[in-house]
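Chemist: need a structure here:
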Amino acid sequence: MWVDEVVEVSRPSRDDAVGGGVVRFLAGSLAAGLAVLTVGLVVAELVTESHGLNGPGTGPVVGHAVASVAAIAAAAVADRRQGRAAGVAIAVVLAIVAAVLWFYWLT
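Modeler: Sure thing, here's the model as predicted:
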């Protein structure tokens, strides 16, 4: 039995959704950058702790870890959803990164 018919499934483009491709890329990049910053902070804490020096401390490390996980989860939602859900997820990523920067400047 041969099938000569090709069925194409049309999907809306991700770039047509709220936020577009550039904003989604920015949100994902900010979330990934926050995760890399968290890894660097963990390494700094481990090195300073092993040498008996004062490091960043447990609070900032845990705070960055929680913020990183939340930002990556929101970026994943923004990448997979469309419409308002994507827009809200992008706004959440931006808010998390802004909050981390705000707390950095406060300390």
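Chemist: dump the residue contacts of Val22.
Modeler: Listed by CB atoms under 8 Å, 6 or more residues apart in numbering, Val22 has no contact partners. Glycine gets a C-beta too; all of them are placed from N, C-alpha and C.
Chemist: Leu46 now?
Modeler: Going by CB under 8 Å, 6+ apart, Leu46 touches no other residue.
Chemist: Now do the same for it: its pLDDT.
Modeler: For Leu46, the pLDDT comes out at 95.
Chemist: Also Arg14?
Modeler: pLDDT for Arg14: 53.
Chemist: which residue sits closest to Leu37, ignoring its sequence neighbours?
Modeler: Leaving aside its chain neighbours, Leu37 sits nearest to His64 (6.4 Å; criterion: CB to CB, 6 or more residues apart in numbering).
Chemist: And Ala70, by the same measure?
Modeler: Ile96 (5.6 Å).
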